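[1] give me a 3D structure for the following:
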Amino acid sequence: QVQLVESGGGLVTAGGSLRLSCAASGRTSIIYVMGWFRQAPGKEREFVGAISRSTGSTIYADSVKGRFTISRDYAKNTMYLEMNSLKPEDTAVYYCAADRNYRPATRWDMLSEYEYWGQGTQVTVSS
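    Below is the predicted model:
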């Protein structure tokens, strides 16, 4: 099993920056891909971006491309989400997720295929 714990959420004004962390523990060697998702009040959880644990390859949702950057520290089993130029519409609970199964990057955005989830961290962007 894999456990995921997010941290780094908080309140920031529009245009500001925030960095989220997702620390993985347990059987981390089985992880193939890690992703970030977010859920705003009254909306469905949506894909933000994902990263291959081994290669560091990334993909992003169009809504955050150019503003958000995902990275990972392989030795620390930690994934990061650097968020810049934040907008009020980025306000949401941010979740990290991980999965053990290989699949092409075109399917890294599929929420239903992630087996492990963190508890989420709140990000609030004020205008």
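[2] make it CA atoms for all contacts and neighbour counts henceforth
    Noted.
[3] do I have it right that residue 80 meets residue 22?
    Yes - contact criterion Cα atoms under 8 Å: residue 80 and residue 22 qualify, at 6.2 Å.
[4] the two: which is more packed in?
    Taking other Cα atoms under 10 Å, residue 80 and residue 22 do not tie; residue 22 has more neighbours (26 against 22).
[5] so what's the nearest residue to residue 30 once chain neighbours are set aside up against?
    With sequence-adjacent residues excluded and distances taken as Cα to Cα, 6 or more residues apart in numbering, residue 30 is closest to residue 100, at 5.3 Å. Residue 100 is in contact with 30, 31, 32, 33, 115, counting by Cα atoms under 8 Å, 6 or more residues apart in numbering.
[6] then residue 87?
    14, 15, 125, 126, 127.
[7] tell me what the residue nearest the centre of the chain is bridged to.
    The residue lying closest to the centre of the chain (Cα atoms, centre = their mean) is residue 36, at 1.9 Å. Beta-bridge pairing for residue 36 (DSSP bridges): residue 49, residue 96.
[8] hang on, isn't it packed against residue 50?
    Yes - with contact defined as Cα under 8 Å, residue 36 reaches residue 50; the gap is 6.0 Å.
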